[in-house]
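*Asks:* Please work out how this folds:
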Amino acid sequence: MTSALSGDLCRITVVGPGGRADLAVPTSTTVSDLLPVLVRHTADRRRPADVTGPVDTGDAGSWVLQRLGDAPFDADGTPESLDWVEGEQFHLRPAGDPLPELDFDDIADGMATAIARQRNHWRPEHARPLFLVLAGSAVAATLAVLLGGASPPAATIASGVLALLFAVASVGAGRWRGDWLLAALPGLAACAFAATAGLIGVAGSEPAQRWAPGTVVLAAVCATGVAGLLLGARYSVARDVPVVPFGVVAVGGVAVMVAGWLLVGVGLTPGQTAAVVSGAFFVVMIYSPRIAIRLARIRGPQLPKSADELQVDIDPLPAADVVARTGMADRYLNVITTTASLVYAVSFPHLLDLPGWVGVALPVVFTAALCLRARGFAGLLQRLAVIAAGAAGAVFVVLRLVDGAPVAFQVVAVVLLTLAVGVLALAATRPPTRRLLPIWGHLGNILETGTALALVPLLFQVLGVYAWARGLAG
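*Replies:* Down below sits the predicted model:
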C-alpha cells in the first residue's frame, strides 16, 4: 500500500534487468544521481529476455527509470517534484529500450494523465508566492494612494503608522514564525512607508518638491533608520530576520545621503556626484571579500615568526561557528555587491550627461570594468548583480550613441548588436563542464586591471583636476 511522502526518505521498489531492490532514497536527490546506485543494485551484464537492445551498466546515463505504462522520469526531477509515493514500484530500463506507454481507451483519462505529467500545472505550493505577490501589489497601491493624497499631514501620519505596524510584523515573523520571506516583505514595506512619510512630510502637496535633493535625503534617512532597527532586531530578538534586503536598504540609504551632501553641500553636478559615488563603490567592491570577512569576524592564523609562535592558534574551531560566520560573510558580500550594482545602474544616465568625450569614455570603461570584475564573485546573487549592472551600462551607452545619430551609424549599431546576440547565443550552448583555455583567464585579469586603472584618470577629468593643475601652472 502506498502513501504520500512524510519525511526525508522515500521507500521504493526498483525492478531492473538483473533483479529487484527495495531502497530508501532521499526526497531531495535527483533521478540522475540515483541511477548509478540503481544500476549497481538491479542491473547486470546479462541480457534479459524482454530487452532487445544492448545492456551496458558502465554508463548510468544509458538507463532510465519509469513507472509501468508511463514515460521515463525527468533526470533532473526529485522524488518530491515527481510525486513519488511510499512503497511505489518503478522499472529500470536501458534508455534505448524503455517500457512502452499504455494506450488510452478513454480520451478524458489520457488528457488528464498528460496534463498531470506537465511541470507547469498549478500546485498547492504555488498559492504562497501568489498571495505574497498580491500582498506586494496591495502595498504598492497603498503607497500610490498616500503619495497622491489630498491631505499631506494625514498621509504623513498614516505612512508613519503603517511603517511601525509593518516593522513590528517583520520582527514578529522573524521571531515566532521563523520565515525569512515573511520577515523580509513586511520589513521592506516598512522601509517604503517610512521613506514615503519623509517625502510627504517635507514636500507636502507639491510633487515637484518631492524629488529635491533635501527631500530625497530625508526619505533615505527614514528608510535607513527603519532598516537599521530591523537589523538590530535580527541580532537581538529575531534571528530569522534576513540581513541582505535590509542591509541593501541601509547601505543604499547611506549612498543617497552622501550623494545629497555632494550635490548640496559640496556643489558638485549630478554627473560628478554619480562619478564620485560610483567610483567609491567600485573601490569598496574590489575589497569587498576582505571587508565581508572582517565584518563576519573571521580571523585566520597569523604566520609564525619564531619557533614559539608555531604553537599559537593551533586549536580547532567549532564547525558550527565556522559555518555560521562563513554564511554571514557571504551575506555581507551579497549586500555590498547588490547595493553597488543598484548605485551603478542609477548612475549611468548621469554619467552619460557629462559634457565632452568623458561622457562616453567613462561609462564605456566602467561597463567593461564591471563585466570583468564579475568573474571574481562565486556567489550567484553577487555575480548576477554585477553583470546586470554592467549590462545596464552597455544598454545605456548604446542608446545614447544612437540617439540622433545618422541612419548609417544606426544600421551599423543594429548589425553589431545582432552579432553580439549570436555570440551570446553560442556561449549559451557551451557545455558547462567545458573549461576555457588558461590564456583567456590571463587576458581577463589584464583587462580587468587595465580598466580599473583607467577609471582613475577619467574621474580626475570629470572632477576638473587637470584644469585645476593647469591653472596652478598659469
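*Asks:* How about stretch 24-31, which residues are buried there?
*Replies:* Neighbour-count burial for stretch 24-31, with 16 or more other Cβ atoms under 10 Å as criterion, is recorded at Val25, Thr27, Thr30, Val31. Where C-beta positions appear, they are placed from N, C-alpha and C, glycine not excepted.
*Asks:* Stretch 218-233 too?
*Replies:* 218-227, 229-231, 233.
*Asks:* Specify which member of these is nearest to Leu417.
*Replies:* Leu417 lies nearest to Ala220 out of these, by Cβ to Cβ, at 36.3 Å.
*Asks:* Next, that closest one: secondary structure please.
*Replies:* For Ala220, the secondary structure call by DSSP: H, G, I helix; E, B strand; the rest coil comes out as helix.
*Asks:* returning to that earlier point: put together a markdown table for the buried residues of stretch 218-233, with pLDDT on each row.
*Replies:* Listed next are the buried residues of stretch 218-233 as a markdown table, based on pLDDT from 0 to 100:
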| residue | pLDDT |
| --- | --- |
| Leu218 | 91 |
| Ala219 | 91 |
| Ala220 | 93 |
| Val221 | 94 |
| Cys222 | 94 |
| Ala223 | 94 |
| Thr224 | 94 |
| Gly225 | 94 |
| Val226 | 94 |
| Ala227 | 94 |
| Leu229 | 94 |
| Leu230 | 93 |
| Leu231 | 92 |
| Ala233 | 91 |
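*Asks:* Pick out the most distant pair among the buried residues of stretch 24-31.
*Replies:* By the measure Cβ to Cβ, these have their two most distant members at Thr27 and Val31, which lie 12.0 Å apart.
*Asks:* thinking again about what came up before, and the buried residues of stretch 24-31, which of them are in strands?
*Replies:* Val25 (DSSP state E).
*Asks:* Would you mind listing the residues touching both of Thr27 and Val31?
*Replies:* Counting by Cβ atoms under 8 Å, 6 or more residues apart in numbering, the common neighbours of Thr27 and Val31 are Thr78.
*Asks:* Let me know the closest of the buried residues of stretch 24-31 to Leu188.
*Replies:* Thr27 (32.0 Å).
*Asks:* Can you give me the distance of the closest one to Tyr344?
*Replies:* From Thr27 across to Tyr344, the span is 41 Å (Cβ to Cβ, to the nearest Å).
*Asks:* one step back: from the buried residues of stretch 218-233, which is closest to Pro457?
*Replies:* Nearest to Pro457, judged by Cβ to Cβ, of these is Ala220 at 31.1 Å.
*Asks:* Please look at that closest one and Ala195 and confirm they touch.
*Replies:* Yes - when contacts are counted by Cβ atoms under 8 Å, Ala220 is listed as touching Ala195 (7.1 Å).
*Asks:* anything in contact with each of these two?
*Replies:* By the contact definition Cβ under 8 Å, 6+ apart, Ala220 and Ala195 are jointly contacted by no residue.
*Asks:* Relative to Ile115, how far out is Ala108?
*Replies:* From Ala108 over to Ile115 the distance is 11 Å, taken as Cβ to Cβ.
*Asks:* Over to Asp308?
*Replies:* Here the distance between Asp308 and Ile115 works out to 73 Å (Cβ to Cβ).
*Asks:* For the helix or strand containing Gly390, buried residues please.
*Replies:* Counting by DSSP states H and E, the element that carries Gly390 is helix 380-402. Judged by neighbour count using 16+ other Cβ under 10 Å, the buried positions of helix 380-402 are 381-383, 385-390, 392-394, 396-397, 400.
*Asks:* Next secondary structure element downstream of it?
*Replies:* From helix 380-402, the next helix or strand downstream (DSSP H and E) is helix 407-428.
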